[in-house]
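Enquirer: starting from these lines, generate the structure:
(4 chains)
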Number of protein chains: 2
Amino acid sequence: MADLDETGAVPPADFESLKAQVVGNHVKLPKRLKQAAAYALENPDEIAFGTAASIAQAASVQPSTLVRLAHQFGYEGFSHFQTIFKERLRLRTPSYEERLTQIEKSGDAAPEAALLHGFFGAARSSIVKMEEAIREEDFKRAIEVLGAADTIYLIAKRRSYSLTAHLAYAFSKLGIRHQMVASTNGVDMETVQFARPSDAALAISFSPYAAESLEHARALHAQGVPLVSITDSAFSPLASISTLWFEVAEADFAGFRSLSASMALTMALSVGIAEYRRHQQNEPE
Amino acid sequence: MADLDETGAVPPADFESLKAQVVGNHVKLPKRLKQAAAYALENPDEIAFGTAASIAQAASVQPSTLVRLAHQFGYEGFSHFQTIFKERLRLRTPSYEERLTQIEKSGDAAPEAALLHGFFGAARSSIVKMEEAIREEDFKRAIEVLGAADTIYLIAKRRSYSLTAHLAYAFSKLGIRHQMVASTNGVDMETVQFARPSDAALAISFSPYAAESLEHARALHAQGVPLVSITDSAFSPLASISTLWFEVAEADFAGFRSLSASMALTMALSVGIAEYRRHQQNEPE
DNA sequence: GTCAATTCGGAATTTATATTCCAAATTTAT
DNA sequence: ATAAATTTGGAATATAAATTCCGAATTGAC
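Expert: Prediction:
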């Protein structure tokens, strides 16, 4: 009995509060437990990646001591304790699958809430991940390529269409000449024919890549039109024909991809292009 | 025999070389293996932290496929493959927050970078704020109102149009009957006339509220059609005529509003409605 | 110094996870 | 169109890891 639920209280939900509890409150711990706790706070990465056995050895304690330590703080076991350390590294909040199953387990009190937080979580993590992954040089070059264009052709179908719609709105506001390749009357291919190398194109396409988008992008490529793409993987057929491409790893939830990160990127691009042109006008080389 | 040591060569020792090998050499992989590889490159964190089973589910493949993928690259098994992804996270010590402040400090060196991080920051804060502000009951009620509707009318112009476009896409995918009120030929008012109290409407409008959106919303309200709105303040003319409304405080950057939070909300709503209907069918009261 | 309470180590057990294998399905070659 | 080769899904198995349990050691109280 002595080992279980020492505190009764809820366990710290993140690394920082765990650390605070150890450092601050001077929770009285016996020798080995203190030793293990000290090791954990000093080597959080080890806890995140190691196994109970490997960590135990590194900290010179027994695996069972680690389990006891976890219990001491109110966690269900070592594995539960360990997730706190994993979440710390994974910049996103608890993975959606885990969170979802947790909610499902904890008695479907509010399935709506799960949806809500699922989608917000996915959006948040997409944005954080993308901000980390994007290379500033790429962004700068994209602005140069698109900024120098006479007319910017916008290619997107289906899921990505709304992004293009938003881009078109921003472009209009910013006075950037553009042409959507998304008509409902099937004249897109003809529209594309008008493009010249002095123009540029921006294509957006995600995983089940819409066949038409590809066709249009290929046609433009064949005509020597510079192409900037936003897509979701190096396997995308867009990648190989693009002058430059951005990889957007949108998290999905319930099978629906967030578009939040792509939205932020397209907005940044459009304002970037406007800025670029403003500068070119003021200081024409 | 076929499964083992496909390449014979030594496996990539770190994430970058693995990625290079996949992207560059065009290693020809069969469908499922390619699918798994794409998932791995897009969600490296998941690989690092997940289990074969959880990753397999997220990537829509079998656990055995992951083992095969690992073999394909010359690794001993999935676990070996996984360590590459773990190492990648281990090496990348600086936390997200730290990195951001670094960027801010070394600021104004690249004005493009400022744009980029500005928009991403705005998106991020919008999402966090909204997730905090939203009331779960409201969300639930919105789903009930819209879920019970015969046809859902979607009203949005200008800035918000792209959101509606995305909603329309999602609704189509989910088999939810809807009608966009956004035609380019000026028959919107007539479209709205067809709405009945057994339908419902979803209106989205932000600060310089588009006059047409308001007209349409008022007409629907007058006809007794329940109205759910997404808008940006209690002073919005939409608020007073809505059955229910959400306040979305989108942060703006350089005068352009992020739509990330609204995007997340609309996606959550659409899937919520689909779920609601699925339940109603199974358990008709 | 003795006894009771607590803590600890380590083996035994349970649980989770990776891996293998085979039949079915798909693709490719003829 | 048919056969051979490859790929795949999923159950069965093997492996590894976490957890429990109990006797031994340590600590603290009197």
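Enquirer: from here on, contacts and neighbour counts on C-alpha atoms
Expert: Noted.
Enquirer: what's the helix or strand for the most centrally placed residue in chain A?
Expert: Centroid-nearest residue in chain A, with Cα atoms, centre = their mean: A:S126, separated by 2.2 Å. A:S126 is part of helix A:111-133, with elements assigned from DSSP states H and E.
Enquirer: please save the CA atoms from that helix in PDB.
Expert: C-alpha atoms of helix A:111-133 as PDB (Å, rounded to 0.1, in the frame of the first residue of the first chain):
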ATOM      1  CA  PRO A 111     -17.000  14.600 -27.700                       C
ATOM      2  CA  GLU A 112     -17.600  18.000 -29.000                       C
ATOM      3  CA  ALA A 113     -14.800  19.400 -26.900                       C
ATOM      4  CA  ALA A 114     -12.500  16.800 -28.200                       C
ATOM      5  CA  LEU A 115     -13.200  17.900 -31.700                       C
ATOM      6  CA  LEU A 116     -12.700  21.600 -30.900                       C
ATOM      7  CA  HIS A 117      -9.400  21.100 -29.100                       C
ATOM      8  CA  GLY A 118      -8.300  18.600 -31.700                       C
ATOM      9  CA  PHE A 119      -8.600  21.000 -34.500                       C
ATOM     10  CA  PHE A 120      -7.100  23.900 -32.600                       C
ATOM     11  CA  GLY A 121      -4.300  21.700 -31.500                       C
ATOM     12  CA  ALA A 122      -3.600  20.600 -35.100                       C
ATOM     13  CA  ALA A 123      -3.600  24.200 -36.200                       C
ATOM     14  CA  ARG A 124      -1.300  25.200 -33.500                       C
ATOM     15  CA  SER A 125       1.200  22.500 -34.100                       C
ATOM     16  CA  SER A 126       1.200  23.000 -37.800                       C
ATOM     17  CA  ILE A 127       2.100  26.600 -37.300                       C
ATOM     18  CA  VAL A 128       4.800  25.900 -34.900                       C
ATOM     19  CA  LYS A 129       6.300  23.100 -37.000                       C
ATOM     20  CA  MET A 130       6.300  25.100 -40.100                       C
ATOM     21  CA  GLU A 131       7.800  28.200 -38.600                       C
ATOM     22  CA  GLU A 132      10.600  25.900 -37.400                       C
ATOM     23  CA  ALA A 133      11.100  24.100 -40.700                       C
END
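Enquirer: does chain B have contacts with that helix?
Expert: Yes - Helix A:111-133 reaches chain B (Cα under 8 Å from any Cα of the partner chain) through A:112-113, A:115-117, A:119-120, A:123-124, A:127-128, A:131.
Enquirer: just the strands in the stretch 151-285 of chain A please.
Expert: Ranges of strands in the stretch 151-285 of chain A, per DSSP state E, counting those that start in this stretch, are A:152-156, A:178-181, A:200-205, A:227-231, A:244-247, A:252-253, A:256-257.
Enquirer: quick one on the thing from earlier: grab the nearest non-local neighbour of the residue nearest to the centre of chain A.
Expert: The shortest distance from A:S126 to any non-neighbouring residue, by Cα to Cα, 6 or more residues apart in numbering or on different chains, is to A:E250 (5.1 Å).
Enquirer: so what's the residue count around that neighbour?
Expert: A:E250 has 26 neighbours, counted by other Cα atoms under 10 Å in any protein chain shown.
Enquirer: can you check the pLDDT for it?
Expert: On pLDDT, A:E250 comes in at 78.
Enquirer: OK, contacts around it?
Expert: Applying Cα atoms under 8 Å, 6 or more residues apart in numbering or on different chains, we find A:E250 in contact with A:122-123, A:126, A:232, A:257-262.
Enquirer: distance of it relative to DNA strand D?
Expert: From A:E250 across to DNA strand D, the span is 23 Å (Cα to the nearest atom of the strand, to the nearest Å).
Enquirer: cool, and A:A210?
Expert: A:A210 sits 21 Å away from DNA strand D, going by Cα to the nearest atom of the strand.
Enquirer: quick one: residues contacting that residue.
Expert: A:157-158.
Enquirer: and it, what pLDDT?
Expert: 82.
Enquirer: repeat for A:A203
Expert: The model reports A:A203 with a pLDDT of 95.
Enquirer: so it touches A:D232, yeah?
Expert: No - judged on Cα atoms under 8 Å, A:A203 makes no contact with A:D232 at a distance of 11.9 Å.
Enquirer: alright, I will stop here.
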